[in-house]
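this one's structure only:
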């Protein structure tokens, strides 16, 4: 995987450079990175590693907190000269179609974890080696990681990234996602209230 292109991207949050990473320039769904114009690699950089969630990020689904987490991460990246890495690993790595199948199972009483395993997947099939490659390409050695997921911290440290602190990204639960957030906390160990 390598950086294919970089372009200036003014947004509602501020000015970023957007970078696309893929194995070839023909890839239709590259991993994306938004780097705030004031990022400074001489100190630990605020980083959000966000896994794609089409339903939450684009359509503002209330089944999850993903879209709100992405918005908050962009707010903080703009305030603090940070980076948002947008990995194309939809549905905790099972893809959009399987995630929608998991939604149907959730509507029948499964929680998000058991829905994934019922479909034959791991609870969380995501990998962070690509995020580490991106961080290395950007010259980022130390990060302040914007996450609630302790497994993400452990995986990044295992892969050689120094996580100097964890910055929580807490979204107020809604009626539609309260059970989902409870499952993330109780079964997946996410650091939520």
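Here it is on my side, so go on. These figures come from a predicted structure and were not determined experimentally.

contact partners for residue 81?
36, 37, 38, 39, 40, 45, 46 (Cβ atoms under 8 Å, 6 or more residues apart in numbering). For glycine as for every other residue, the C-beta is placed from the backbone atoms N, C-alpha and C.

and the furthest pair within those residues?
37 and 46 (13.9 Å; Cβ to Cβ).

so which strand or helix has the residue sitting nearest the centre point of the chain?
Residue closest to the mean C-alpha point of the chain, counted by Cα atoms, centre = their mean, is residue 50 at 1.2 Å. For residue 50, the host element (DSSP states H and E) is strand 45-51.

that strand pairs with which strands, and in what direction?
strand 83-87 (parallel), strand 142-146 (parallel) (DSSP bridges).

deepest-packed of these, please.
Among the strands paired with strand 45-51, ranked by average contacts under mean count of other Cβ atoms under 10 Å, first place goes to strand 83-87 (a mean of 23).

show me what the next helix or strand after that strand is packed up against.
Following strand 83-87 in sequence order, the next helix or strand is helix 90-93 (DSSP H and E). Under the contact definition 3 or more Cβ pairs under 8 Å, 6 or more residues apart in numbering; DSSP states H and E, helix 90-93 sits against strand 45-51, helix 96-107.

residue 170 and residue 44, how far apart?
21 Å (Cβ to Cβ, to the nearest Å).

ok, residue 37 and residue 46, which is more surrounded?
A direct count of neighbours by other Cβ atoms under 10 Å for residue 37 and residue 46 places residue 46 higher, at 21 against 13.

surely residue 33 is in a strand?
Yes. Assessed with DSSP: H, G, I helix; E, B strand; the rest coil, residue 33 lies in a strand.

give me the neighbour count for it.
For residue 33, using other Cβ under 10 Å, the count is 25.

now it. Nearest residue, chain neighbours left out?
Nearest-residue entry for residue 33: residue 19, 4.4 Å, with adjacent residues in sequence omitted and distances by Cβ to Cβ, 6 or more residues apart in numbering.
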